[in-house]
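Visitor: Sequence and predicted structure are below.
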Amino acid sequence: MSPAGDDASIEGLRAAVREVMPRVRSDLEALVRIPSCAFHGFPREPVRQAADETARILESVGLSASMLDVTGGEPAVVGRGPREGAPRVLLYAHYDVQPAGDLDEWHTPPFEPTEREGRLYGRGAADDKSGIVMHAGAIAAVRAAFGEVPVDITVLIEGEEECSGPLADFVLVHPEVVQADAVVIGDVGNRALGEPTLVTALRGLVDCTVEVRTLPGPAHSGMYGGPAPDALLALIRILDSLRDESGDTVIIPGFEWTGAPVDEKEYREEIGLRPDQPLFGTGSLADRLITRPSASVIGIDAPRVEGAINAVIPHARAKVSLRIPPGVEPAAAMDALVAHLRAAVPWGVDVTITPGDSGRGALIATGGPAYADARWALETAFGKPVGEAGEGGSIPLVASVMQAAPQAEVLLMGAEDPGALIHAPNESVDLAELETMVFAEALFLARMGGALA
Ligand SMILES: [Zn+2]
């Protein structure tokens with residue numbers, strides 16, 4: 001260990017990052033200009049164009065790029081920089097984006113990258129084209145500072161993340177695609193700007209549809225109402241069971257969160273909840289957001305209020321979604337949800353419960369060497385201790401990687417701060433945050449490869 005020499009190397013790397021930032025930014029702008037939404041019904045051409053542009057960017061930082069045919073989906077772009085005997089690092093992001101949504105809500109056009117007050121606006125500027133350029137920028141900076149990249153690099157850029165494409169299942173059948181010592185999932189963000197964060201827990205999800213059918217058609221409530229079985233009332237009783245008196249979901253057990261606490265004021269601000277409005281449930285806010293189950297009714301079919309007639313409702317259905325704690329098996333959670341709903345069926349009415357989607361969460365192990373290197377890299381780049389955070393959104397690939405490459409340490413870090421408004425109008429990335437994340441990832445790669453002790 002030579003602290004003085006390493007300090008010089010760290011500063012050299014910081015300077016190299018600064019040098020590559022103009023290219024990082026222009027690459028990001030080029031990607032944002034391509035409306036690569038892979039949702040059904042959107043044109044394929046821009047999706048392919050974004051794949052080609054991603055390949056160009058990876059080649060520009062010295063990797064050899066190829067398209068990986070993901071069965072039944074848009075290709076993933078793979079960049080390789082082999083290095084025999086060195087630690088293997090896989091860097092993941094995705095090049096597809098959410099639809100732009102309501103154009104009237106955008107202050108500037110979604111596919112024209114525009115800078116305002118240090119943020120670059122545009123659909124995908126954060127989620128997740130920032131991840132692509134973070135990886136490319138880090139590789140370029142390490143190469144510039146040290147003359148070579150001291151780890152064996154694979155970059156894997158998915159083309160259908162936002163529409164739950166086939167990659168997560170593909171890697172279970174082709175585990176060789178994700179073999180590495182460390183896998184960086186660059187599709188998250190720090191819990192606040194300038195607050196280095198490693199995401200260590202992801203909730204999973206199961207959902208199902210509950211359908212109640214009682215009568216062949218509406219029955220006049222004056223003539224028949226009373227004994228006539230009301231499908232909507234029965235459904236409401238069933239749905240009511242999803243939360244207890246205090247607003248907690250008790251369908252499956254959760255556990256206590258030991259990472260960074262969640263600030264109530266910030267949480268309220270992020271979702272636009274007034275201070276005088278209640279929060280549901282008991283226990284710490286982090287427990288309720290990360291490590292405990294949380295049930296919601298996300299859709300309901302029933303007659304509209306406008307034009308409602310005085311009739312007993314013969315048919316009603318609802319979609320129920322259950323966020324499940326990290327580490328809980330989705331199949332077991334689905335069984336518990338269905339059994340719970342069944343047990344809540346009142347008055348002996350006929351109910352059909354149809355299981356829907358499920359996604360596995362993840363609880364990340366934080367005791368390995370790559371995790372220690374990432375923690376050091378983030379602390380060095382931001383000059384602050386690292387916090388551990390949980391993410392509500394599920395990233396199915398994470399669970400698949402943990403299954404396909406059990407030896408790999410999985411690290412979730414990126415430039416999507418809460419202000420990035422991913423999936424919403426006026427998505428953006430903070431350019432200073434992006435630069436610091438490029439630096440952090442560059443430090444991580446150098447440290448993993450032994451170029452920085
Ligand atoms: Zn994403």
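Guide: Alright, I've got the coordinates.
Visitor: Could you list the low-pLDDT ranges of the stretch 251-400 of the chain?
Guide: 392 (pLDDT under 70).
Visitor: Mind telling me which residue of it is nearest the ion?
Guide: Scanning the stretch 251-400 of the chain for proximity to the ion using Cβ to the ion identifies residue 395 as nearest, at 7.5 Å. (Glycine included, C-beta is placed from N, CA and C.)
Visitor: Look at that residue and say how many residues are nearby.
Guide: For residue 395, the neighbour count with other Cβ atoms under 10 Å is 24.
Visitor: Next: the one 10 residues further on.
Guide: The tally of other residues near residue 405 (other Cβ under 10 Å) stands at 21.
Visitor: OK, contacts around it?
Guide: Contact partners of residue 405, counting by Cβ atoms under 8 Å, 6 or more residues apart in numbering, are 175, 178, 179, 180, 183.
Visitor: Of the residues you listed, which count as buried by neighbour count?
Guide: Buried members of the contacts of residue 405, scored by 16 or more other Cβ atoms under 10 Å, are 178, 179, 180, 183.
Visitor: rewinding a little: of the contacts of residue 405, closest to the ion?
Guide: The shortest approach to the ion among the contacts of residue 405 belongs to residue 183, at 15.5 Å (Cβ to the ion).
Visitor: Check whether that closest one sits in a helix, strand or coil.
Guide: Reducing the assignment at residue 183 to three states with DSSP: H, G, I helix; E, B strand; the rest coil gives strand.
Visitor: And residue 373, by the same measure?
Guide: Here residue 373 is recorded as helix under three-state DSSP.
Visitor: what's it in contact with, if anything?
Guide: When contacts are taken as Cβ under 8 Å, 6+ apart, residue 373 is in contact with 182, 444, 447, 448.
Visitor: what are the ranges of the helices in the stretch 151-300 of the chain?
Guide: If DSSP state H, counting those that start in this stretch is used as the criterion, the helices of the stretch 151-300 of the chain fall at 167-173, 231-240, 264-271, 285-286.
Visitor: Can you add mean neighbour count and distance to the ion and give those back as CSV?
Guide: Conversion of those to CSV gives the following (neighbours: other Cβ atoms under 10 Å; distance: least, Cβ to the ion, whole Å):
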stretch, mean neighbour count, distance to the ion
helix 167-173, 19, 12
helix 231-240, 20, 30
helix 264-271, 12, 17
helix 285-286, 19, 22
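Visitor: With distance to residue 291 added, can I get the contacts of residue 405 in CSV?
Guide: What follows is the contacts of residue 405, written out as CSV (distance: Cβ to Cβ, whole Å):
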residue, distance to residue 291
175, 28
178, 26
179, 30
180, 27
183, 23
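Visitor: Among those residues, which lie within strands?
Guide: Residues of the contacts of residue 405 located in strands (DSSP state E): residue 183.
Visitor: Closest one of the contacts of residue 405 to residue 295?
Guide: If you rank the contacts of residue 405 by distance to residue 295 using Cβ to Cβ, residue 183 comes first, at 31.1 Å.
Visitor: That closest one bridge partners, please.
Guide: Going by DSSP bridges, residue 183 is paired in beta bridges with residue 90, residue 410.
Visitor: got CSV for the helices of the stretch 151-300 of the chain, with distance to residue 93 too?
Guide: Rendered in CSV, the data for the helices of the stretch 151-300 of the chain read as follows (distance: least, Cβ to Cβ, whole Å):
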stretch, distance to residue 93
helix 167-173, 12
helix 231-240, 38
helix 264-271, 23
helix 285-286, 27
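Visitor: For residue 417, find the nearest of these.
Guide: With respect to residue 417, and counting by Cβ to Cβ, the nearest of these is helix 264-271 at 10.8 Å.
Visitor: Which residues does the closest one contact?
Guide: Residues from elsewhere that reach helix 264-271 (Cβ under 8 Å, 6+ apart): 192, 273, 274, 275, 279, 285, 289, 418.
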